[in-house]
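J.: next comes the sequence, and after it the predicted model I'd like to discuss.
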Amino acid sequence: MNRIYFDISATTPIDPQVADFMHELQKYTYGNPSSIHREGQAARVVIEKSRIQLANALHCLPEEIIFTSSGSESNNMVLKGVLNKRDHFITSSYEHPAVLKVLPFLQDNGIDFSLVKPDHNGIIKPESVEKEIRTNTRLISIMFVNNELGTINPISELCSMAKGKNILFHSDAVQALGKIPLDTEKSPVDFLSMSAHKLYGPKGVGALFIRKGSKLEPLIYGGSQEANLRASTENIAGIGGF
């Protein structure tokens, strides 16, 4: 009996060309990209070319992209790196667990939050979010595309509303990248989380768009990789596959 795979929102099979390219990188591009010798610099070229390609897709600067291990890490990085004690945070009730399961941690650290429910069509309305804004609201996080319903939220409108009130805006775009256009020039998001394995790329690699001028504390401390924001020797094959 032939099986047909319909669970594409959970993960996608890796594209054979991507798998072949990654295999070549693993065999021949083994240098540490922080090293100044030839092997290290060859690995650095792979990372920076990948960064440029992703930046071109998002209409942003290459230096506004950092690579992570997953969309979940990217989400955690924003929530834990932006919010401080006594801040207020707004998100939706149907976010991915990589956002919702951070809430108890935030609460334990003196950060209050509000949950906005989707309307009867599964959409997060800007007016519903606006009602929850307080004087100490620092960050709003609303997913671009819901992973269970497939609904597309009005991110440009939500961003504009947040910007008008001087509030930072993050969107989990894991289900959006590769399926709908993402333009950081038209949607003034401050942070955008992404993952490779949702668009026929490898598992274990993600990315985070950080708009120039936006500040956040690193989640992982150590080396100076990824503009001092994400310590660890980079996953060359994974980033190249992305």
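T.: Arrived safely.
J.: would you map the helices across this structure?
T.: 16-28, 38-58, 71-82, 97-100, 103-108, 126-130, 155-164, 225-228, 236-241 (DSSP state H).
J.: on contacts alone, who are the packing partners of the longest one?
T.: If I follow you right, that is helix 38-58. strand 65-68, helix 236-241 (3 or more Cβ pairs under 8 Å, 6 or more residues apart in numbering; DSSP states H and E). Quick note: C-beta positions are derived from backbone N, CA and C, even for glycine.
J.: distance from the chain centre to the longest one, please.
T.: Using Cα atoms, centre = their mean, to the nearest Å, the distance from the centre of helix 236-241 to the centre of the chain it belongs to is 17 Å.
J.: which strands and helices sit next to it?
T.: Using 3+ Cβ pairs under 8 Å, 6+ apart, the elements in contact with helix 236-241 are helix 16-28, helix 38-58.
J.: about what we covered before: closest one to residue 184 among the helices and strands packed on helix 38-58?
T.: strand 65-68 (10.2 Å; Cβ to Cβ).
J.: which residues does that closest one contact?
T.: 47, 50-51, 54-55, 58, 74, 77, 205-210, 226-227, 229-230, 234-235, 239, 242 (Cβ atoms under 8 Å, 6 or more residues apart in numbering).
J.: deepest of the helices and strands packed on helix 236-241, which one?
T.: helix 38-58 (a mean of 16; mean count of other Cβ atoms under 10 Å).
J.: ok so, going back, using a markdown table, lay out the helices of the chain together with mean pLDDT.
T.: Shown next, in a markdown table, are the helices of the chain (pLDDT from 0 to 100):
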| stretch | mean pLDDT |
| --- | --- |
| helix 16-28 | 97 |
| helix 38-58 | 97 |
| helix 71-82 | 98 |
| helix 97-100 | 98 |
| helix 103-108 | 97 |
| helix 126-130 | 97 |
| helix 155-164 | 96 |
| helix 225-228 | 95 |
| helix 236-241 | 98 |
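J.: dump the ones you listed to CSV, plus distance to residue 146.
T.: As requested, those are exported to CSV (distance: least, Cβ to Cβ, whole Å):
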stretch, distance to residue 146
helix 16-28, 26
helix 38-58, 20
helix 71-82, 14
helix 97-100, 12
helix 103-108, 18
helix 126-130, 15
helix 155-164, 12
helix 225-228, 28
helix 236-241, 26
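J.: closest one to residue 140 among those?
T.: Minimum separation from residue 140 across those (Cβ to Cβ) falls at helix 155-164, 5.1 Å.
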